[in-house]
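Peer 1: A structural model of the following input is requested.
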Amino acid sequence: MRRANIYKPTKTAMQSGKRNSKRWILKFETLNTEINPLMGWESSKDTMSEVKLEFFTKDDAINYAKKNNIQFNLIEPQVEKIVKKKYSDNFLKSK
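Peer 2: From the prediction side, this is the model:
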């Protein structure tokens, strides 16, 4: 039986926007990894590990996995904590 991870991607450090982090991703886990004797790289003959499916909602991704008998790990996104600061706080000494 296939295993997959369902998660919401985070924004990269190179971006200030959140455009690519709004959809939910279902990504299959890699099976049967082995070390390539010629190059020493980790490789696999499993092509499903390259598949990423995008969904608008978490429920859509979960329903797809259940409908197709895919075991899944649900990874909830962490809530971003916003700290409000004033510009003058950069220049005040804290004790």
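Peer 1: CA atoms for contacts and neighbours, from now on please.
Peer 2: Fine.
Peer 1: distance between the helix or strand where Ala4 lies and the chain's centre?
Peer 2: Per DSSP states H and E: Ala4 is located in strand 3-7. Computed by Cα atoms, centre = their mean, to the nearest Å, the separation of strand 3-7 from the middle of its chain amounts to 9 Å.
Peer 1: packing partners for it?
Peer 2: On a contact count with 3 or more Cα pairs under 8 Å, 6 or more residues apart in numbering; DSSP states H and E, strand 3-7 meets strand 24-28, helix 58-67, strand 71-75.
Peer 1: hmm, who's touching it?
Peer 2: For strand 3-7, the external contacting residues (Cα atoms under 8 Å, 6 or more residues apart in numbering) are 24-29, 58, 61-62, 70-77.
Peer 1: also stretch 41-48?
Peer 2: Stretch 41-48 has contacts (Cα under 8 Å, 6+ apart) with Phe28, Glu29, Thr30, Leu31, Asn32, Thr33, Glu34, Ile35, Asn36.
Peer 1: for the second one, grab the count of nearby residues.
Peer 2: To tie it back to what came earlier, the one meant is Glu29. Other residues near Glu29 come to 15 when the count uses other Cα atoms under 10 Å.
Peer 1: switch to numbering from 153
Peer 2: Sounds good: first residue 153 from here, last item Glu181.
Peer 1: how much space separates it from Lys233?
Peer 2: Counting by Cα to Cα, to the nearest Å, the separation of Glu181 from Lys233 is 30 Å.
Peer 1: what does the model give the nearest residue to Ser173 once chain neighbours are set aside for pLDDT?
Peer 2: Excluding the flanking residues, the one nearest Ser173 by Cα to Cα, 6 or more residues apart in numbering is Pro161, at 5.1 Å. In this model, Pro161 is scored at 89, pLDDT.
Peer 1: equivalent analysis for Ser246, please.
Peer 2: pLDDT at Ser246 comes out at 67.
Peer 1: can you tell me the strand partners of the helix-or-strand element of the chain with minimal mean pLDDT and which way each runs?
Peer 2: The weakest-scoring helix or strand in the chain, judged by mean pLDDT, DSSP states H and E, is strand 194-195 (a mean of 80). Sheet pairing for strand 194-195, assigned by DSSP bridges, gives strand 186-187 (antiparallel).
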